[in-house]
Structure formats: structure tokens, C-alpha cells
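S.K.: Got a predicted structure plus its sequence, pasted below:
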Amino acid sequence: METSILLAIAGVAGACMACAGVLLTCYRRVGSGEALVIELGAANTRVSFGSALVLPMLHRAEVLDLSVRKVVVERRGRQGLSCRDGIRVDVRATFLVKVERVAANVLRVAREVGCARANRPEEVQALLEERFSCALVSSASTFNFDELVADRSLFIDHVMVEVGSDLLGFTLDRVSLGRLEQTPLDQLDPTNVLDAQGILKLTERATRLAVETNGQHQQWVELRERDDLPWGEGEALRKERDPRQEEELALEVERALASRTRSN
């Protein structure tokens, strides 16, 4: 009798230990930068940011990476951004996105993107690149070229507003510009209305700058040739010039004077 009782107790203890072992193997834990998505049927899905019990045959569990992903958008040449004044710019922008540590965001990414896909950087790039590219195009069209170059931070703020918050559960964390410069003229399409307008603007600007430079050059030559100009006034005129430009023009003047001396 006592032997039967002992055997029964041993059997119960063994069964409990076996159950405990099974439960321990089903106990899942994720790191601080991850989320555990547990699905029990299509309508019953929950999220854990620490640990949870995942039972075989009953639960389906996936891990979602919550770390920051990088999406790079580059537009150059005829695909560059067209400013409001028609001048086109080459740009390389980096968008940093992540999934917030919020159950609703995690569930949306898991449902609309899938954890496996969302964990792969190249998939996130393909998923969001077009959306970010459209935001760059739309934002650039509201700025003139000079405004865009002068205030990058304002342009970035505008881009973030254009992107908005509807990113399938992802959140835009930051935007940075690594490249922002005028598209070379030889890469523009003269038959494109906007490019034609930009070419006209750039041509007018180049002509104006050339005229101004020639005028300043002539003023500098006259200054060097005049002996009656007070030293203080001449010095003030020299200080108004950019040092590098002044040096280049000075060399040109010296060469011109030397040539005139030889001819005389």
C-alpha cells in the first residue's frame, strides 16, 4: 500500500516536473529593442515588450526589431528636385525611421508589413523610398533655389511635414541632407518647361555676375592707376572685396600693367 502511494507521488512529481520543463521551453523573452508579437487566431493578437508564454500549436509568435532603420533617397540629374524658380538641384537625403515602443504601432507594422519584412533594411527602403521621394519633390517646389540653399533646416522641416505620420506604423525620427547643390546645366533637358525656365534663370544670373565682376575689375584698375585717390578711401574699397577675388584681380592688373609697359 505504502509502495503504491509512493509510486503515485513520484508519478505526480514527475508529471509536474515535465510540465514545468515544457512551460520553461515555451517561455519567450525579448530584448529592450524588440517586441514579441503573439497571435492566437486572427482576431486575438497581443504584444509583449519583455517576456511571455508561447504555447506550441496554440500561439504563433514573431519578434519585431524596434531599432532605427535608414532610408536613403538620392535624386540627381534630370531626376533632381525642381525648385519654384525652375532651377533643379541634386539631393541626397537620409531618413531615419523606427517603430515606437507602442503596442498599436507594433501591431500595425505586424499586420500591414509583416515582422520578417519589417526587420530587413532593404525591405524598409523599398517600402518607404517612394513616399519620402515625393515629400522631397513637393517641398522643393515651394522654395526658390537661393532659399533652399540658404536655409536647409527650414527645408527639412517642410519635408517632415509633407511625410506626415501615416507610415504603416513606422515613425519618422530624423531627416538629414548630405548633398544639396545645383544640377549641372549639361544634365538638364531644354525641352522640359521647368528645366528651360531654370536654364534661363541661370543664364541671366551668370550674365549679371559677369557684368558686376567686370565693373569691379575696371574700378580696381582705375584705383591702381590713380595717384590722387586718398589712401584711406582706396583702402576702404579694397576691404569691400572678397580677399581671394581681390588677389586674383590684383594678379590680372599686374599682368595688364606689365604688358602695357612692354608695349610702351
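M.R.: Yes, it's here.
S.K.: Now do the strands for the stretch 1-150 of the chain: every range, in order, please.
M.R.: For the stretch 1-150 of the chain, the strands defined by DSSP state E, counting those that start in this stretch cover 27-29, 34-39, 45-48, 51-53, 60-65, 69-75, 81-82, 88-98.
S.K.: Comparing these, which comes out most buried?
M.R.: Ranked by mean neighbour count under mean count of other C-beta atoms under 10 Å, the strands of the stretch 1-150 of the chain are led by strand 81-82, which reaches a mean of 22. To be clear about C-beta, it is placed using only N, CA and C from the backbone, and glycine gets the same treatment.
S.K.: That one pairs with which strands, parallel or anti?
M.R.: Strand 81-82 pairs in its sheet with strand 88-98 (antiparallel), by DSSP bridges.
S.K.: so which of the strands of the stretch 1-150 of the chain gets nearest Ser133?
M.R.: Of all those, it is strand 69-75 that lies closest to Ser133, at 5.1 Å by C-beta to C-beta.
S.K.: which residues in this protein form helices?
M.R.: Along the chain, counting by DSSP state H, helices occupy 2-25, 103-112, 115-118, 121-140, 145-150, 152-163, 193-225, 231-239, 243-263.
S.K.: which helices and strands does the third one pack with?
M.R.: In this structure, helix 115-118 packs against strand 60-65, helix 103-112, helix 121-140, with contacts taken as 3 or more C-beta pairs under 8 Å, 6 or more residues apart in numbering; DSSP states H and E.
S.K.: Between helix 103-112 and the shortest one, find me the angle.
M.R.: The directions of strand 60-65 and helix 103-112 differ by 110 degrees, with axes from the mean of the first three to the mean of the last three C-alpha atoms, to 10 degrees as the criterion.
S.K.: just to revisit the earlier point, confidence-wise, which of the helices and strands packed on helix 115-118 is weakest overall?
M.R.: Note on the helices and strands packed on helix 115-118: lowest mean pLDDT is at strand 60-65, with a mean of 90.
S.K.: Does it pack against any helices or strands, and if so which?
M.R.: Applying 3+ C-beta pairs under 8 Å, 6+ apart, one finds that strand 60-65 contacts strand 34-39, helix 103-112, helix 115-118.
S.K.: would CSV of those with distance to Phe170 be doable?
M.R.: Converted to CSV, the helices and strands packed on strand 60-65 look like this (distance: least, C-beta to C-beta, whole Å):
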stretch, distance to Phe170
strand 34-39, 13
helix 103-112, 7
helix 115-118, 8
